[in-house]
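Student: Kindly return the folded structure for what I paste below:
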Amino acid sequence: MARIVAFIPDLLFGSNVVGALQAAGHEPVLVSDPYAVRGELQGIPGTIKTLAFYSHVEADVRAQAERAGFDLVVPRSRMAREGASLVDRLVES
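Tutor: Just a heads-up that it's a prediction; the model follows:
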């Protein structure tokens, strides 16, 4: 389906997200270093869609992601439950 760059510093949660994305047919690349993200994104042609998630107790993180212009911002719990379908929705839009 799509090449996905997943910047997730929490490697345990990141591996869960990557597994769900692989099962949905995507080609995920897990990146835990913020400086490595740019290099990974350079290999993706066309429009890049962005998805951010936050802990439900971090309303400031949600607000920052929305101000930064992420295409979709969801709570971490929703990302854990629906991560692959959220990515599918972004890829299709």
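
Student: Let me see the contact set for the residue located most distally from the centre of the chain.
Tutor: Distance from the C-alpha centroid of the chain peaks at residue 57, with 19.0 Å (CA atoms, centre = their mean). Residue 57 makes no contacts at all, as judged by CB atoms under 8 Å, 6 or more residues apart in numbering. In short, each C-beta sits where N, CA and C put it, glycine included.

Student: Report the secondary structure element holding it.
Tutor: Following DSSP states H and E, one finds residue 57 outside all helices and strands.

Student: Next, it: phi, psi?
Tutor: Phi and psi for residue 57, reported as degrees, to the nearest 10, are phi -90, psi 0.

Student: Tell me the buried residues in the worst-scoring helix or strand of the chain on mean pLDDT?
Tutor: Every helix and strand in the chain was compared by mean pLDDT, DSSP states H and E; the lowest is helix 37-41, with a mean of 87. For helix 37-41, burial by neighbour count (16 or more other CB atoms under 10 Å) applies to residue 40.

Student: Dump that helix to PDB, restricted to CA.
Tutor: Coordinates of the C-alpha atoms in helix 37-41 are reproduced here as PDB (Å, rounded to 0.1, in the frame of the first residue of the first chain):
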ATOM      1  CA  VAL A  37      13.000  11.600  10.300                       C
ATOM      2  CA  ARG A  38      14.000  14.100   7.700                       C
ATOM      3  CA  GLY A  39      16.300  11.600   5.900                       C
ATOM      4  CA  GLU A  40      13.500   9.000   5.900                       C
ATOM      5  CA  LEU A  41      11.000  11.500   4.500                       C
END
